[in-house]
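>>> I would like the atomic coordinates for the input below:
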Amino acid sequence: MTAQPDASAPAPDQVSLGIGKLIVPSLIGGLVALTLGIYGRLHHPTGVVVNVAGFTSAGYAKSWLATIATVFAIVQVVSALVMYGKIPRVSAPSWIGTLHQWSGRIAFLVAVPVAIDCLYGLGFQTYSTRVLIHSLLGCAFFGAFTVKMLILPKRGLPNWTLPLAGAVVFTLLVGVWFTSAFWFFSTFGVHR
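Below is the predicted model of the structure:
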């Protein structure tokens, strides 16, 4: 008696087709990151762009907005782990998908004014290692976010694709936060 092939395991041809579906989104994401970097480097910085009422400086406004985006990104990670059953003894409530979607939307919307200020107001800077890493991570974040959003509706991708894309986006955002808001709060104090 021969064993039946595992019906849940994709055939090698299906896997290569699934990975092939990542090429165009990856190229577009790379183009987004590269375009942001080139624009930030070639554009003459204008100074402060974002000035949110209630903050004593643009640095505090950007640091708090980046912190809010990072907190919502943490909600994204935790909700994804719950949805995929990766947290033992925690079953996914019916609202977890909505929480996941909205926390991602809010994180992105809060991060956009920070990115605009960084790119338009300050440009792609290289005057210190921290600032260079921050500039690179910021551009890479928006490129990786683009890839994640483009692969989100695609079917037939390997199961690891979306969790990996989410992990990359989250890791880049945390890196951006550490090289900006964490540094700013550590240097100038935590207040508004």
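
>>> alpha carbons only for contacts and neighbour counts from here, please
Fine.

>>> Point out where this structure drops to low pLDDT.
The model of the chain has pLDDT under 70 over residues 1-18, 48, 50, 192.

>>> Need the residue closest to the centroid of it.
Val169 (3.3 Å; CA atoms, centre = their mean).

>>> That one and Phe141 touch, don't they?
Yes - Val169 lies in contact with Phe141 (CA atoms under 8 Å); the separation is 5.9 Å.

>>> rewinding a little: residues in contact with the strand or helix carrying the residue nearest to the centre of the chain?
Taking DSSP states H and E as the criterion, Val169 maps to helix 161-177. With CA atoms under 8 Å, 6 or more residues apart in numbering as the test, helix 161-177 has contacts from 66-67, 70, 73-74, 77, 134, 137-138, 140-141, 144-145, 147-148, 151-152.

>>> Could you list the alpha-carbon positions for that helix in CSV?
Provided in CSV are the C-alpha atoms of helix 161-177 (Å, rounded to 0.1, in the frame of the first residue of the first chain):
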residue,chain,number,x,y,z
THR,A,161,5.4,35.3,2.7
LEU,A,162,2.9,37.6,4.5
PRO,A,163,4.3,37.0,8.0
LEU,A,164,7.8,37.6,6.8
ALA,A,165,6.8,40.8,5.0
GLY,A,166,5.1,42.0,8.2
ALA,A,167,8.1,41.1,10.3
VAL,A,168,10.4,43.0,8.0
VAL,A,169,8.1,46.1,8.0
PHE,A,170,7.8,45.9,11.8
THR,A,171,11.6,45.5,12.3
LEU,A,172,12.4,48.4,10.0
LEU,A,173,9.9,50.7,11.9
VAL,A,174,11.4,49.8,15.2
GLY,A,175,14.8,50.5,13.8
VAL,A,176,13.5,53.9,12.6
TRP,A,177,12.1,54.6,16.0
